[in-house]
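[1] Curious how this folds, go ahead:
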Amino acid sequence: MGLYDWIIWTGAALTLLGLCALIWCILTVSRARSKGLDDAALRDRMRGVLAVNMGALAASTIGLMMVVIGIILKP
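    Have a look, this model is predicted:
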């Protein structure tokens, strides 16, 4: 297993981790909305989820870039 294979598989794992975090964000917000929280409590809950959401999108993007770069550069 060469260097480019490691880049591809690490990128795929990072993308999968980001996708799992995005699913967690979706489930957390949908549970908070279904509980019928007031506006202030819902904003507080979503403020914490927003940071995780942005990190998950960044991780997925970097992971996909690693996969593409690994595939392009692989001899």
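[2] Helices of the protein, start to end?
    For the chain, the helices defined by DSSP state H occupy 3-34, 39-73.
[3] Mean neighbour count and mean pLDDT added to those, as CSV?
    Where you see a C-beta, it was placed from the backbone N, CA and C, and this is true even at glycine. CSV is the format used below for the helices of the chain (neighbours: other CB atoms under 10 Å; pLDDT from 0 to 100):
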stretch, mean neighbour count, mean pLDDT
helix 3-34, 15, 96
helix 39-73, 14, 94
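[4] residues contacting A12?
    Residues near A12 by CB atoms under 8 Å, 6 or more residues apart in numbering: 63, 67.
[5] cutoff 6 Å now
    V67 (CB atoms under 6 Å, 6 or more residues apart in numbering).
[6] again, but for W6
    Per CB under 6 Å, 6+ apart, neighbours of W6: none.
[7] same deal with M1?
    Counting by CB under 6 Å, 6+ apart, M1 has no contacts.
[8] And the pLDDT for it?
    On the pLDDT scale, M1 is placed at 84.
[9] Now do it against A40, distance only.
    Going from M1 to A40 by CB to CB, to the nearest Å gives 52 Å.
[10] ok, now L22?
    From L22 to A40 the distance is 25 Å (CB to CB).
[11] Next: P75.
    Counting by CB to CB, the gap from P75 to A40 is 57 Å.
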